[in-house]
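K.L.:
Here's my sequence, what's the structure:
(one chain, ligands or ions: 1)
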Amino acid sequence: METKDWQQEQERLEQVKSKLQARIAELAPEVAGLQDQAADIRRRFWEEVTINTATDEDFEETFHTINQQSAVLAERERVHKLLTQQWKSMRRLLPSPYFGRIDFEEDGMDLREQVYIGVSSFVDDDGLSFLIYDWRTPIASLYYDYSPGPASYVTPTGPIEGTMALKRQFQIQDGQIRTMFDASETIGDELLQHVLGQGADAQMKTIVATIQKEQNAIIRDDASRMLIVQGAAGSGKTSAALQRVAYLLYKHRQTIKADQIVLFSPNPMFASYVSTVLPELGEENMQQTTFQEYLDYWAGSALRPEDPFDQIEYVQTAHEEPGYEARLQGIAYKSSEAFLQALQRYGAWLGQEGMQFQGIRFQDREVIAAKRMRAQFYGYDRALPLYNRVVLLQEWLLGELAALERREREAAWVEEELNYLDADQYAEAFGMLHKEKELFDLAEHYASVRERITKKRREDEGDFDFAVKEEELLRRRIVKERFKPLRKIVKTFAFVDVRAIYGQLFESEDAYRTMTNESHIPPLWPEVCRQTKEKLLRSELFYEDATPYLYVKELVEGVRTNTEIRHVFVDEGQDYSMFQYEYLKKLFPRARMTVLGDFGQAIFLQATSLGAADSPLLRLYGEADTRLIRLVRSYRSTKEIVEFTRAMLPGGEEIVPFERSGAKPLLVRLAAGENRDARLLADIAALRDEGFDSIAVITKTAAESREAHEALRVHLGEALRLITKETPDFEKGVMVIPVYLAKGVEFDAVLVYEASADVYGRENERKLLYTACTRAMHRLHLYATGEWSPFVQALTADLYEEAQH
Ligand SMILES: Nc1ncnc2c1ncn2[C@@H]1O[C@H](COP(=O)(O)OP(=O)(O)OP(=O)(O)O)[C@@H](O)[C@H]1O
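P.N.:
Residues are numbered from 1 along each chain as shown. Just a heads-up that it's a prediction; the model follows:
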């Protein structure tokens, strides 16, 4: 790079900085002032409004004053929010105003425009010239999609063709240009090299300066109802997802707010890991949740669903336990589309027979028997869907309860309770009746004035009936109070015995066949049934039962939907069953879905393949509305680590490492009698001396984690963290973590605690080992006290180093 260019760029940077500084200074008092004003109005809001109800006119005036005041307040707050946003984004720009420049000549125009790109736009005082373009503007996509030469971008009015004459990248820190180079390739690898060479952080980083072309396609896809990304470990799926959220919030800022986007993350710790990316980009965070949170919420307090981590622990550790094979068959079957279809047919069967209700009891008496409910239910038109009939039954039950309630007012126990009411309670009841009347009068008065002002007709509330006798009122009150829980049962559908409805599926093989018309029942079905029923009896649900259970619940109670949410993101998408996808689709009917995952890391039995030609996920929204993007370049790990890990996966040869070199993975085979923990400690110390701050000892199970933590803590003390499924935050440092919790996150160095055949010997453990190894950015060590895992043994010797004793 010529010194002249460097000087020119530094000069321009100085100009932009001083303009930014001037604008920040200019806005500062306004931002502060407006804040005071808004707070002031809010404080005075109620002082200026006096509720005056003496005459109709007073009432009318009060009504207008309230309206006027709140309109002024809303406008001030809007202006304030806008200015504050501008002010904040300029302050964010100041230390590093931009990271890229392209010079673009549009065909047919004799003009070369210099486009500087940063995390937000900044316009000169003329209000027209962009000193900095937001990375999400249409023209900025040139920077990500092209190298110098012919180039085009799409605007709302159509494509713009032209030539890119220059593409320059900067690293600007504290207002100074640190590095700068002209790229000939799409996003010069040099900048990316530099970024990827840095250490791991406790928070995920934004990648706006180095987004790759294939990632840009994910970020800016606006057409698909369903966008599926199958990407190798470390290919930037999560990064792309978060930049995509930022892009959507920018592009659709008039219509979509951050809380209309929800990201399903694998665990709470992962949620904390990614939580800073959007704020760093100046956007509000989307909502984050886990599927488990949803299951727990809807299962209610009556049933406890197992979580996926306990399920995987069982799968990994219980090989010798009786019933293990059956449980695996159960998991596979209950996560499948076949089970979903069987349940749909079960729904049809329930339409004719077999519904289960819970009788309604009042004071140790059964007042409405389950049998009566069933008879009533099957008396309705059988062509109606189940849940419509359940709603009819609900209405009927409410009517029955009302009748019962009326009759009950004359019961002896009410009389008794009346006698026990003391003078105070009488007085209170009496007072309440009066208050009710006063309130009613005021509301009535207000409503009639409002009706005149707004010229809207209101519903006629009828007359307030105050002429009933006091005792009658008290009786009514007493009984009403006692019937409250009963009405609640009816209103919340608790009279439908969903547990029994789900449970009867597991009575016997013949019954199951009859109810569902299913022909392919898993061979160990009787044992699957026994296990499922036993769990239900304990008021628990296996993880694999939780979503089907909710599905059955909704078959009879009607589907729950959330129509506010516009975008659903599912990260680690391979870990969800088709069942769960069907469920999400129903739950968010107005949302588009983005699913990101890697079938190579599918460590749960209920996994769904994302990229295969026959993947059922492609059919979820119909193939015409679905786009599948594959990412094969892996950015996280050094070339040596990627070459090592991809060789463990069938088909792994299609994964392309990014050209960043480091040490080859190290295999440490411990001699008989050699102490693994001493060796690990020495290696951790050496890695720290080399400057690696984030080091993870990865184990297969939680039990193995505890064991490793116990052994190593003696020497490392409190500096060593043990990560469990309850750990809320991701922190930098040395930690012990089970592999299924390390999904999605990364470390400078990874030490696989025990990579012997005993631990990773079965075929279903291949992906676990792969997932563990692909968490490493710079260094990977594997230890074994016995024979190496067959997945390691199968690797060619040039892919690793072996430790010398
Ligand atoms: N374009 C990019 N520029 C800079 N860094 C990138 C880019 N793409 C990915 N990375 C980095 O690569 C690492 C892996 O990215 P990310 O976690 O998004 O990948 P992933 O596909 O979700 O991985 P996994 O499936 O293994 O969890 C991160 O450190 C991320 O910052």
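
K.L.:
C-alpha only now, for contacts and for neighbours.
P.N.:
Will do.

K.L.:
Near the ligand, which residues of the stretch 601-750 of the chain are found?
P.N.:
635-636, 743-745 (C-alpha under 6 Å from any ligand atom).

K.L.:
Make CSV from these and add pLDDT to it.
P.N.:
Output for those, formatted as CSV (pLDDT from 0 to 100):
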residue, pLDDT
635, 93
636, 94
743, 88
744, 88
745, 91
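
K.L.:
For those residues, pick the one with the most neighbours.
P.N.:
Using other C-alpha atoms under 10 Å as the neighbour criterion, residue 636 leads these with 26 neighbours.

K.L.:
Surely that residue is in a helix?
P.N.:
No. Counting by DSSP: H, G, I helix; E, B strand; the rest coil, residue 636 falls outside a helix, being coil.

K.L.:
show me what contacts it?
P.N.:
196, 233-235, 746, 776-777 (C-alpha atoms under 8 Å, 6 or more residues apart in numbering).

K.L.:
what's the answer for residue 780, then?
P.N.:
Going by C-alpha under 8 Å, 6+ apart, the list of residues near residue 780 reads 641, 664-666, 749-752, 773.

K.L.:
picking that back up, would you point out the most distant pair within the residues of the stretch 601-750 of the chain next to the ligand?
P.N.:
635 and 743 (15.8 Å; C-alpha to C-alpha).

K.L.:
Name the SS class of the closest residue to residue 260 other than its chain neighbours, please.
P.N.:
Excluding its sequence neighbours, the residue lying closest to residue 260 (C-alpha to C-alpha, 6 or more residues apart in numbering) is residue 565, at 4.4 Å. Classification of residue 565 using three-state DSSP returns coil.

K.L.:
where does the protein have low pLDDT?
P.N.:
1, 33-59, 62, 66, 184-189, 422-423, 425-450, 452-470, 805 (pLDDT under 70).

K.L.:
near the ligand, which residues of it show up?
P.N.:
Close to the ligand, as judged by C-alpha under 6 Å from any ligand atom, the chain has residues 192, 196, 205, 207, 210-212, 231, 233-239, 598, 635-636, 743-745.

K.L.:
Would you list the buried entries among those?
P.N.:
192, 196, 207, 210-212, 231, 233-239, 598, 635-636, 743-745 (16 or more other C-alpha atoms under 10 Å).

K.L.:
Next step: those restricted to strands.
P.N.:
residue 231 (DSSP state E).

K.L.:
Now, the buried ones among the residues of the chain next to the ligand that are in helices?
P.N.:
192, 196, 237-239 (DSSP state H).

K.L.:
Could you identify the most distant pair in those residues?
P.N.:
Longest span within those, C-alpha to C-alpha: 192 and 238, 17.1 Å.

K.L.:
dump the residue contacts of residue 162.
P.N.:
Per C-alpha under 8 Å, 6+ apart, neighbours of residue 162: 104-107, 150-152.

K.L.:
From these, keep the buried residues only.
P.N.:
104-106, 151-152.

K.L.:
which residue ranges form the strands in the stretch 701-805 of the chain?
P.N.:
Residue ranges of the strands in the stretch 701-805 of the chain, as given by DSSP state E, counting those that start in this stretch, are 720-722, 734-738, 747-752, 776-784, 801-802.

K.L.:
and residue 387, how far is that from residue 558?
P.N.:
Remark: distance between residue 387 and residue 558 (C-alpha to C-alpha, to the nearest Å) = 5 Å.

K.L.:
What of residue 724?
P.N.:
Taken as C-alpha to C-alpha, the span from residue 724 to residue 558 is 37 Å.

K.L.:
Residue of the stretch 351-500 of the chain closest to the ligand, please.
P.N.:
Taking C-alpha to the nearest ligand atom as the measure, the point where the stretch 351-500 of the chain comes nearest the ligand is residue 499, at 37.0 Å.

K.L.:
Next, that residue: secondary structure please.
P.N.:
Classification of residue 499 using three-state DSSP returns helix.

K.L.:
Can you name the next helix or strand after the one helix or strand residue 190 maps to?
P.N.:
Using DSSP states H and E, residue 190 maps to helix 189-196. Next helix or strand after helix 189-196 toward the C-terminus (DSSP H and E): helix 213-219.

K.L.:
quick one, what contacts the residue of the stretch 701-805 of the chain at minimum distance from the ligand?
P.N.:
Distances between the stretch 701-805 of the chain and the ligand by C-alpha to the nearest ligand atom are smallest at residue 744, namely 3.3 Å. Each residue near residue 744 by C-alpha under 8 Å, 6+ apart is listed here: 238, 270, 572, 775.

K.L.:
Among these, which one sits closest to the ligand?
P.N.:
residue 238 (3.7 Å).

K.L.:
ok, so what distance separates that closest one from residue 597?
P.N.:
9 Å.

K.L.:
and for the two, which residues touch both?
P.N.:
With C-alpha under 8 Å, 6+ apart, residue 238 and residue 597 have common neighbours residue 571.

K.L.:
Leaving out chain neighbours, which residue sits closest to residue 795?
P.N.:
Residue 795's closest residue in space is residue 647 (C-alpha to C-alpha, 6+ apart), at 6.7 Å.

K.L.:
Pick out the residue in the stretch 551-700 of the chain sitting closest to the ligand.
P.N.:
For the stretch 551-700 of the chain, C-alpha to the nearest ligand atom, closest residue to the ligand: residue 636, 4.0 Å.

K.L.:
just to revisit the earlier point, which one of the strands of the stretch 701-805 of the chain has the most crowded surroundings?
P.N.:
Highest mean neighbour count of the strands of the stretch 701-805 of the chain: strand 747-752, a mean of 27 (counted as mean count of other C-alpha atoms under 10 Å).

K.L.:
buried ones in stretch 117-130?
P.N.:
For stretch 117-130, using 16+ other C-alpha under 10 Å, the buried residues are 117-122, 130.

K.L.:
Quick one: the helices in the stretch 151-300 of the chain, in order.
P.N.:
189-196, 213-219, 237-251, 268-274, 277-280, 291-299 (DSSP state H, counting those that start in this stretch).

K.L.:
nearest to residue 24, of these?
P.N.:
The nearest among the helices of the stretch 151-300 of the chain, by C-alpha to C-alpha, is helix 277-280 at 18.6 Å.

K.L.:
For the closest one, buried residues please.
P.N.:
For helix 277-280, by 16+ other C-alpha under 10 Å, it's 277-278.

K.L.:
Please name every helix or strand in contact with it.
P.N.:
Under the contact definition 3 or more C-alpha pairs under 8 Å, 6 or more residues apart in numbering; DSSP states H and E, helix 277-280 sits against helix 237-251.

K.L.:
which helices and strands does the helix it packs on pack with?
P.N.:
helix 213-219, helix 277-280, strand 592-597.

K.L.:
can you give me the angle it makes with strand 592-597?
P.N.:
160 degrees (axes from the mean of the first three to the mean of the last three C-alpha atoms, to 10 degrees).

K.L.:
Other residues contacting helix 237-251?
P.N.:
136, 204-208, 215-216, 218-220, 229, 231, 256-258, 261, 277-278, 281, 283, 286, 569, 571, 596-597, 744.

K.L.:
Filter the residues you listed down to the buried ones, ChimeraX style.
P.N.:
Of the contacts of helix 237-251, the buried ones go into a single ChimeraX selection, burial set by 16+ other C-alpha under 10 Å:
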select :136,204,206,207,208,215,216,218,219,220,229,231,256,257,258,261,277,278,281,283,286,569,571,596,597,744
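
K.L.:
Show me which strand runs longest in the chain.
P.N.:
strand 158-173.

K.L.:
and the angle for it with helix 189-196?
P.N.:
Using the same axes, to 10 degrees, strand 158-173 lies at 50 degrees relative to helix 189-196.

K.L.:
quick one: contacts for the residue of the stretch 401-550 of the chain found nearest the ligand?
P.N.:
Minimum separation of the stretch 401-550 of the chain from the ligand (C-alpha to the nearest ligand atom) falls at residue 543, amounting to 22.9 Å. For residue 543, the contacting residues are 305-308, 311, by C-alpha under 8 Å, 6+ apart.
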